[in-house]
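> sequence first, predicted coordinates after that:
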Amino acid sequence: MEKVLITGISGGQGRLLARRLLDTFEVCGVDRVAWEGRPKDVNVHQVDLRKRKFEDVFRTEQPTAVVHMGMVRHFRVSEQVRHDVNVRGTKQLLDHCVNYGVQKLIVISSSYVYGAAPENPFYMDEDFPLGASRSYPEMRDLVEVDTLASAFLWKYPHIRTAVLRPVNTLGYYVHSMIGEYLRQARVPTVMGFDPMMQFIHEEDVSEAIALALEHGLQGVFNVVGPGAVPISVAIREAGSQAWPVPEFVLRPMIDRAFRWGLVPYPAGAIDYVKYPVTLSGKRFVDTTGFRPLFGLEEIFHSVRR
């Protein structure tokens, strides 16, 4: 059996993926926190990707495949720490993949890297430029990680490298900003705007990663769910109530609330509930035959208040 190393294995998505892969792969992982109650046949190393001990994991485990999802995606740490963990940690991982004979690499990016802008077309494909850094500078590190991985796949073609960009992910176990946003009793929205949004269930993201490994994908792929709905519908179906606020009031309000630690997202995130960010998943479907198992009703029920 191939051995897969999962970074960020103790997170909700990491645990789901590990259980999904256990039937067909030998699974090990690294995380900065322990996985309590892990399956006995999953070896977990409590290691920081930036430390020398991370290289020791490659040396001892000798993985043939790596799934990299061990990035900081929240804003509870400083911008400097987040950039250091995400960018320097990813650079270390890419070097280890080259030096220790990894044959497959999957890097989990995000649909957010495209950025939210009024000129965005519907159903952007993978060739659309990454514009998140312009209006959402807090996302700069994840755009840089995506760019590093995209360059890596061309520089080292003998390593089957795939960059996956899933849309908004919801579920019982995954902790995402969009999930926290929809779980509020009153959800602030930009008055006069109701953009289309795409969602995917956490289990379908695990299935997509498994398919990418099994097919040995190489390239950049959007991963989308069962459809798109207006943000107002998503809020209603999640059991919450929309609270339309004029943008000139909402933006400074979110900025202050973020600085005071009252909301988990900065003001730049407002653009993602103002302008549409919809992706085409055709390339991934054509290559793998992927079909999401969970419909929108089930996706919203997983976060329903």
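Looks like it arrived, so ask away. Residues are numbered from 1 along each chain as shown.

> can we go C-alpha only for contacts and neighbour counts from here?
Fine.

> specify the beta-bridge partners of residue 7.
Counting by DSSP bridges, residue 7 is bridged to residue 30, residue 68.

> burial measure for it, as a count.
26 (other CA atoms under 10 Å).

> identify the residues contacting it.
14, 29, 30, 31, 66, 67, 68, 69, 70 (CA atoms under 8 Å, 6 or more residues apart in numbering).

> the last one and residue 5 touch, don't they?
By that I understand residue 70. No: in this structure, residue 70 is not within contact of residue 5 by CA atoms under 8 Å, at 11.0 Å.

> which one of the contacts of residue 7 has the most neighbours?
residue 29 (28 neighbours).

> export the contacts of residue 7 to CSV and tack on pLDDT?
As requested, the contacts of residue 7 are exported to CSV (pLDDT from 0 to 100):
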residue, pLDDT
14, 96
29, 97
30, 97
31, 96
66, 98
67, 98
68, 98
69, 96
70, 93
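
> which of the residues you listed sit farthest apart?
31 and 66 (13.5 Å; CA to CA).

> do a quick rundown of the strands in this structure.
3-7, 26-31, 43-46, 65-68, 104-108, 160-166, 168-170, 186-190, 196-201, 219-223, 228-230, 241-245 (DSSP state E).

> contacting residues around the longest one?
Same thing as strand 160-166. 103-111, 146, 149-150, 152-153, 200, 205, 212, 216-224.

> send over that strand as PDB, restricted to the C-alpha atoms.
Backbone C-alpha positions of strand 160-166 (Å, rounded to 0.1, in the frame of the first residue of the first chain) are rendered in PDB as follows:
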ATOM      1  CA  ARG A 160       2.600  14.200  -9.600                       C
ATOM      2  CA  THR A 161       1.400  17.500  -8.000                       C
ATOM      3  CA  ALA A 162      -2.200  18.800  -7.900                       C
ATOM      4  CA  VAL A 163      -3.500  22.000  -6.400                       C
ATOM      5  CA  LEU A 164      -7.100  21.700  -5.400                       C
ATOM      6  CA  ARG A 165      -9.200  24.900  -4.900                       C
ATOM      7  CA  PRO A 166     -12.500  23.800  -3.200                       C
END
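
> what's the mean pLDDT across it?
Averaging pLDDT along strand 160-166 yields 98.

> what are the pairing partners of it, and which direction each?
Assessed with DSSP bridges, strand 160-166 is paired to strand 104-108 (parallel), strand 219-223 (parallel).

> between those, which one is nearest to residue 173?
strand 104-108 (16.9 Å).

> what's the single longest helix in this protein?
helix 140-155 (DSSP state H).
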